[in-house]
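In: Sharing a model that was predicted from the sequence below.
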Amino acid sequence: RVAENAKNSLASLKRENPWLEPTLAIIQAHNDHLIQEANKNFAKEVGLRVIHICLPEGSTKDEIISEILRLNEDPNVQGLALDLPESLYSSKVLNAVKPEKDVDGLSSVNLGCLVHGDVNDCLVPPTVCAVMELLEDIGGKTVLLVGARGAQGAALQSLLQRRGAAVLSSNWRAPQLRSELRHADVVVFGSTKPDDVPVSWMKPGATIISCARDLLSEKHNYGQQNNPAAEKAVGSLAVAMRMQNMVKNMERWIQSQQYRKWDLHCLKLQPLSPVPSDIEISRAQSPKAVDVLAKEIGLLTDEIEIYGQTKAKVRLSLLERLKDQPDGKYVLVAGITPTPLGEGKSTVTVGLVQALTAHLNINSFACLRQPSQGPTFGVKGGAAGGGYAQVIPMEEFNLHLTGDIHAITAANNLLAAAIDARILHENTQSDKSLYNRLVPVINGVRGFSAIQLARLRRLGINKTDPETLTEEEISKFVRLDIDPSTITWQRVVDTNDRFLRKITVGQANTEKGFVRQAQFDIAVASEIMAILALTTSLQDMKERLGKMVVANDKKGEPVTAEDLGVTGALAVLMKDAIKPTLMQTLEGTPVFVHAGPFANIAHGNSSVLADKIALKLVGEKGFVVTEAGFGADIGMEKFFNIKCRASGLVPSVVVLVATVRALKMHGGGPNVTAGAPLKKEYTEENLQLVADGCCNLKKQIQITQLFGVPVVVALNVFKTDSPAEVDLVCKIAKESGAFDAVPCNHWSAGGRGAVKLAQAVEKAANQKNSFKYLYSLELPIVEKIRIIAQQVYGAQDIELSPTAQSQVDRYTRQGFGNLPICMAKTHLSLSHQPERKGVPTGFVLPISDVRASIGAGFIYPLVGTMSTMPGLPTRPCFYDIDLDPITEQVKGLF
């Protein structure tokens, strides 16, 4: 009956979850094949998959524990049971089993729930369950437990007492055993009865139940002619109960896989005035342990990989688990055209989620880019937000994080090394020599690797035996014939190093005169970073890495990473970097930090994967807030036309960030020099300057409206802003079509200072959304460039240089004409001239060159010259950065 019920329950689970393959692992350290067979038979009857791990009979506790720990981490095993000699059942062994996999219910966690009466949160040990099944009405009876020790004895005692029995416990050598046996109505043997304890000691008619390890010896000769004791043994009933527990465990496991409501405990903030430095604020707050945060937001223990105390990678398996969970609302934070005064987009992003979650009790997630260490030690400083709206610990955020940029650097430079090495080898070897080295004989066998077979298929050579290729086919296979003058793939390093902007490689004698000019870019300018930000899965990333075009051959055809045979190796280097990093804000709300592509030659947005995972975790009524680099004309336009195409996600609201000071600069205010005191125009009320500068804000609102998404203006308030200036900006913003415009004080007050912004965003998200892309991908490359230039930047027209036109023609011929456009233009003006503030008009946008990131999936036209390697200023940030050798605390980051 027990097995039948378990079978029906499991069949019901499988109907609802057809993919389910419940697997029970049993660790056995004895030679009793009867028990093994019983487990197999009952598992088969119920419909469970069972794996027996048979360890040698003399195995130690440490060996058992080692095997338990391995199975704990096996995602394909949902239940774990132990069949061990009595001497190995120590609390250390039993508690090594993960509570959620503990089918025998003998761990301290499970036992604690059982003893406290939390029956819904625990499993009754199978043997104990069998005893209770065999006993009928025991209220008021005396039950004696003999030789029932440890977890099993405690569980038995607890359940028997709950059923109203008077329970005594004894052992086989107790002096009073004979007397206790004489008065007991029920006797339960926890271990095998010694021969020197005769049945005649027992009360006539007493019920005897054996739980001895020889479970399957169903009959024990305890009855005599003058003492007809009722004999029962748990035997195979306990095995059936174990399978029933496994099915219950599966029900709990399936429930654990469902979306969970958040149980988030926010951290309290006590803002000081004046506001201390960012690092002082960060250090004054004690972050939650990242595993605690992960549990609060519904992540499972096997979905996170912890790095230290405050960071964790989140596995992509979560997307499969929550695939049926509706997405939350999707909010983009963009800005007006940037000025040296800064607008504070990251600060708004963090302040907004702190307000939503810590103050309005709405689930929210911030998704931010990982900062490059170049600017951190150069001129810009950190990028974790600021004041009382930042990601903590800020030094962890700004330095190394979980090594993603280092992985990108390694992958990028491996590909760069492969290009030059291949050219060298092709220049110095015959076809035959190349073939013998590329397809060597190993242990007498010659075979193509998988990536070489794929190259053969692309070449139209449908052969798998290396010995059958003709000389012509061998030549086609071994020769990439890269034209060195067309190489676009550069080496990268995550440091601002201006002297690497132009270099010469190959000067050593060993390179046999193969010298060429090259350059280093900063690591975040690598196409691999753009791929990381746009990819949707490991398989998708691998395909994109393979498609990266690194040069042309001498016939003008593209040469890819796949042609060089390096795709798999690049994917291996990037396998951990693809997982977003979980951190937290000052108020303990969750943040994903993932990817940090350049916002000029790439699209300047954090990763699609971080957004997708966050949208599932926040739930249908929650919010995911992400940020686009530079002004709305650049970062937001690319977010919509490139990132949203890659992800298929539809944004709900745009938050457009502005400051009174920056608007004054757009209105004709004097130039600002970093480090110099601000001129009085920026520190005193000047309504005319503000009104004139709002033309830029109005234009950015209009750009947002091109995409059909509601826009809320967030005005970052500074202490030098007058109430009249703040009111004027908000009035003009609303008149220009913004859904709302809200002053924000989160920098000085934390989430509390952005509550009105959060409420405005929540209302805007419920507005009708008619999101649309700016252009069709089927349009010619030049036409797509023209649409962006005229409709977004306000240009009169575009003008392509001969080089740019030639590249457009080449990419169109090569089949890349249907890709979106990623404009590489100065961020300091709507035009191509950085000094032109406000809203320039009447200009023709010059396109000096056109390049392609085929793996990332976009064409990027260059407007003027574009530096991909920043330099260090006269006084870099590193002068102020130091380490306390006693406390190991970082000083000087800002």
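Out: On my side now, so go ahead.

In: Could you verify that Val550 is part of a helix?
Out: No: using DSSP: H, G, I helix; E, B strand; the rest coil, the secondary structure at Val550 is strand, not a helix.

In: who's in contact with it?
Out: 415, 419, 482, 487-489, 559-561, 564 (CB atoms under 8 Å, 6 or more residues apart in numbering). The C-beta positions use only the backbone N, C-alpha and C, and glycine is treated the same way.

In: likewise Leu656?
Out: Applying CB under 8 Å, 6+ apart to Leu656 gives the contacts 334-336, 632, 697, 700-701, 704, 711-714, 738.

In: isn't Ala571 right up against Arg544?
Out: No: counting by CB atoms under 8 Å, Arg544 is not a contact partner of Ala571; they are 9.9 Å apart.

In: Who has more neighbours out of these two?
Out: Between Ala571 and Arg544, Arg544 has the larger neighbour count (other CB atoms under 10 Å), namely 27 against 19.

In: What's the separation between that one and Gly565?
Out: Arg544 sits 17 Å away from Gly565, going by CB to CB, to the nearest Å.

In: Ok, Gln702 next?
Out: Using CB to CB, one gets 49 Å for the distance from Gln702 to Gly565.

In: and what of Lys825?
Out: Lys825 is 36 Å from Gly565, where distance means CB to CB.

In: same thing with Leu469?
Out: To Gly565, Leu469 is 17 Å away according to CB to CB.

In: picking that back up, more neighbours: Lys825 and Gly565, which one.
Out: Between Lys825 and Gly565, Lys825 has the larger neighbour count (other CB under 10 Å), namely 26 against 19.

In: List the contacts of the closest residue to the more buried one other than its chain neighbours.
Out: Of all residues not flanking Lys825 in the chain, Val863 sits nearest, at 4.0 Å (CB to CB, 6 or more residues apart in numbering). Residues near Val863 by CB under 8 Å, 6+ apart: 823-826, 832, 845-848.

In: Check those for burial and list the buried ones.
Out: Neighbour-count burial (16 or more other CB atoms under 10 Å) applied to the contacts of Val863 gives 823-826, 832, 845-848.

In: Now for those residues: which two are most distant?
Out: Within the buried ones among the contacts of Val863, Thr826 and Ile847 form the most distant pair, 13.5 Å apart (CB to CB).

In: just to revisit the earlier point, let me have the contacts of Val550 in TSV, adding neighbour count as columns.
Out: Formatted as TSV, the contacts of Val550 follow (neighbours: other CB atoms under 10 Å):
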residue	neighbour count
Leu415	24
Ile419	21
Ile482	21
Ile487	19
Thr488	13
Trp489	23
Val559	22
Thr560	20
Ala561	27
Leu564	25
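
In: Tell me which of those fall in helices.
Out: Judged by DSSP state H, the contacts of Val550 include 415, 419 as members of helices.

In: wait, which of the contacts of Val550 is closest to Tyr811?
Out: The closest of the contacts of Val550 to Tyr811 turns out to be Thr488 (CB to CB; 12.0 Å).

In: per-residue pLDDT, that closest one?
Out: Note on Thr488: pLDDT of 94.

In: measure it to Leu415 for me?
Out: According to CB to CB, Thr488 and Leu415 sit 12 Å apart.

In: Same question for Cys694.
Out: Computed as CB to CB, the Cys694 to Leu415 distance reads 47 Å.

In: cool, Ile847 as well?
Out: Plainly put, Ile847 is 27 Å away from Leu415 if you go by CB to CB.

In: Domain ranges for this protein, per the record?
Out: Taking the TED database as the reference, the chain has its domains at 1-250, 278-402+576-766, 405-574, 781-862.

In: How far does the last one stretch from one end to the other?
Out: One end of domain 781-862 sits 13 Å from the other (CA to CA, to the nearest Å).

In: Can you show me the helices along the stretch 751-894 of the chain?
Out: For the stretch 751-894 of the chain, helices defined by DSSP state H, counting those that start in this stretch occupy the ranges 755-765, 781-787, 802-813.

In: The ones you listed: which one's closest to Lys772?
Out: The nearest among those, by CB to CB, is helix 781-787 at 12.7 Å.

In: name the helices or strands packed onto the closest one?
Out: Using 3 or more CB pairs under 8 Å, 6 or more residues apart in numbering; DSSP states H and E as the contact test, the elements touching helix 781-787 are strand 797-800, helix 802-813.

In: Which one of these lies nearest to Gly79?
Out: helix 802-813 (55.5 Å).

In: Quick one: mean pLDDT over the closest one.
Out: For helix 802-813, the mean per-residue pLDDT is 95.

In: And for stretch 762-775?
Out: In this model, stretch 762-775 has a mean pLDDT of 94.

In: tell me the contacts of Gly568?
Out: Neighbouring residues of Gly568 by CB under 8 Å, 6+ apart: 450-451, 542.

In: whoops, I mixed them up, Ile781
Out: Counting by CB under 8 Å, 6+ apart, Ile781 makes contact with 808, 811-812, 817, 821, 850, 859.

In: hmm, which two among the residues you listed are most spread apart?
Out: Across the contacts of Ile781, the longest distance by CB to CB is 13.1 Å; it joins Thr812 and Ile821.

In: who has more neighbours, those two?
Out: Ile821 (26 against 15).

In: May I have the beta-bridge partners of the more buried one?
Out: Under DSSP bridges, the beta-bridge partners of Ile821 are Ile859.

In: can you tell me which residues contact it?
Out: Residues counted as contacts of Ile821 (CB under 8 Å, 6+ apart) are 641, 775, 781, 784-785, 788, 858-861.

In: can you list the weak-confidence ranges in the protein?
Out: Scanning the chain for pLDDT under 70 picks out 213-231, 379-383, 674-675, 894.

In: follow-up on the earlier one: please pick the buried ones from the contacts of Leu656.
Out: Here, 16+ other CB under 10 Å leaves 334-336, 632, 697, 700-701, 704, 711-714, 738 buried among those.

In: Mind putting those into CSV with distance to Ile392?
Out: Formatted as CSV, the buried ones among the contacts of Leu656 follow (distance: CB to CB, whole Å):
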residue, distance to Ile392
Ala334, 25
Gly335, 23
Ile336, 28
Ala632, 28
Leu697, 31
Gln700, 31
Ile701, 33
Thr704, 31
Val711, 30
Val712, 26
Val713, 28
Ala714, 22
Ala738, 32
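
In: any chance of those residues in a markdown table, plus distance to Leu434 and secondary structure?
Out: Shown next, in a markdown table, are these (distance: CB to CB, whole Å; DSSP: H, G, I helix; E, B strand; the rest coil):
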| residue | distance to Leu434 | secondary structure |
| --- | --- | --- |
| Ala334 | 51 | strand |
| Gly335 | 53 | strand |
| Ile336 | 56 | coil |
| Ala632 | 52 | helix |
| Leu697 | 61 | helix |
| Gln700 | 55 | helix |
| Ile701 | 60 | helix |
| Thr704 | 55 | helix |
| Val711 | 58 | strand |
| Val712 | 61 | strand |
| Val713 | 62 | strand |
| Ala714 | 60 | strand |
| Ala738 | 63 | coil |
